[in-house]
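Colleague: okay, predicted coordinates and the sequence, questions at the end:
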Amino acid sequence: MAAPPPPPRVCYVYSAEYVARCDALCKVPQRASMVHSLIGAYSLLEHMRVVKPKVASMEEMASFHTDAYLQHLQKVSEEGDDDHPESVEYGLGYDCPATEGIFDYAAAVGGATITAAQCLLDGKCQVAINWSGGWHHAKKDEASGFCYLNDAVLGILHLRQKFDRVLYVDLDLHHGDGVEDAFSFTSKVMTVSLHKFSPGFFPGTGDVTDVGLGKGRYYSVNVPIQDGIQDERYYQICEEVLKEAYAAFSPEAVVLQLGADTIAGDPMCSFNLTPVGIGRCLSYMLQWQLPTLVLGGARGLPSCQYCSLLDIFDWGHSGENLVL
């Protein structure tokens, strides 16, 4: 009898209900369905195990966020109250409007990332994807930069149930401040962020001198980059930094935030990368053969996320054929 085929190396967290809820977010309308449509159009679904996401419980969200913040977010979400006098205290307002249903959206995204992390804990795959995740600015008691719930932090905490050392790599245009803040005092999670850093640019943090605190000193790595960088130089920097981080930290699992606002043509008009350049960075990390949780980002172009998915399938991607 022939041996059964090996399980797919990739788990893709998806359901129609989840995509519909993510599509409704006013800051990135219809983006989730656009990404999923690209994945389906290129016949990639048949090469992945599609996993239906769970919704995060209040207890799971409270593993990072404060009860007071979660309760307030739930309250204004149910009432659709964008003018609640206490909302400013919790970062709710212009960047993070308290629209009706926003709590359910946050719980859905957080639950999807926890679902992806659980797939890695269970050994169902080597790479688990939540393209609608990666909301890296949210703090424990504050929404920030379009981010209401820090699903990246929740995913890392979930992976820590099994993996002693988790490496977080953030390739978004913006500094991954919320994730760095969450783990700035620990040596069990190393955060590496490549990002634009200039006066007045959000969130204003992530200088090269920001290296962590206490036991976490030197476990926060920040790589500030100026406007205009292109693929080749970006990849050189990324490879050099990650090579040293991997050697020094010896991670057991990786969480990767692939915000696509570094791509040339993005409305931010800052970096001049292409999906090929970002894909090379991803391929470099995949060759470590570690359990890897891949998240999207708060903003960016769906085409970059699709091209990154191609690199997940093709460990030696030629740009011509999809090699499984």
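Modeller: Structure received. Numbering: from 1, shown residues only.
Colleague: low pLDDT regions in the stretch 151-300 of the chain?
Modeller: Along the stretch 151-300 of the chain, the parts satisfying pLDDT under 70 run over 298-300.
Colleague: so which residues of it form helices?
Modeller: For the stretch 151-300 of the chain, the helices defined by DSSP state H, counting those that start in this stretch cover 151-159, 177-182, 231-249, 275-286.
Colleague: for these, which one sits closest to residue 39?
Modeller: helix 275-286 (14.1 Å; Cβ to Cβ). C-betas here are computed from N, CA, C, even on glycine.
Colleague: between the closest one and helix 231-249, how big is the angle?
Modeller: Per axes from the mean of the first three to the mean of the last three Cα atoms, to 10 degrees, the angle that helix 275-286 makes with helix 231-249 is 20 degrees.
Colleague: which strands and helices sit next to helix 275-286?
Modeller: With contacts taken as 3 or more Cβ pairs under 8 Å, 6 or more residues apart in numbering; DSSP states H and E, helix 275-286 sits against helix 231-249, strand 253-257, strand 292-295, helix 302-313.
Colleague: pick the most buried one from the helices of the stretch 151-300 of the chain.
Modeller: Most buried of the helices of the stretch 151-300 of the chain by mean neighbour count (mean count of other Cβ atoms under 10 Å) is helix 151-159; its value is a mean of 27.
Colleague: okay, that helix in PDB with CA atoms only?
Modeller: Taking C-alpha atoms only, helix 151-159 is exported to PDB below (Å, rounded to 0.1, in the frame of the first residue of the first chain):
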ATOM      1  CA  ASP A 151      -3.000  39.800  17.700                       C
ATOM      2  CA  ALA A 152       0.700  39.500  17.100                       C
ATOM      3  CA  VAL A 153       1.300  39.600  20.800                       C
ATOM      4  CA  LEU A 154      -1.500  37.100  21.400                       C
ATOM      5  CA  GLY A 155       0.000  34.800  18.900                       C
ATOM      6  CA  ILE A 156       3.500  35.000  20.400                       C
ATOM      7  CA  LEU A 157       2.100  34.300  23.900                       C
ATOM      8  CA  HIS A 158       0.200  31.300  22.600                       C
ATOM      9  CA  LEU A 159       3.400  29.900  20.900                       C
END
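Colleague: from the contact counts, what lies against that helix?
Modeller: Using 3+ Cβ pairs under 8 Å, 6+ apart: helix 151-159 touches helix 102-121, strand 166-170, helix 177-182, strand 253-257, strand 292-295.
Colleague: still on that earlier bit, which one of the helices of the stretch 151-300 of the chain lies closest to residue 59?
Modeller: helix 151-159 (11.4 Å).
Colleague: need the helices and strands packed on helix 151-159 in JSON lines (columns: distance to residue 130).
Modeller: Listed next are the helices and strands packed on helix 151-159 as JSON lines, based on distance: least, Cβ to Cβ, whole Å:
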{"stretch": "helix 102-121", "distance to residue 130": "5"}
{"stretch": "strand 166-170", "distance to residue 130": "14"}
{"stretch": "helix 177-182", "distance to residue 130": "15"}
{"stretch": "strand 253-257", "distance to residue 130": "11"}
{"stretch": "strand 292-295", "distance to residue 130": "6"}
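Colleague: no further queries at this time; thank you.
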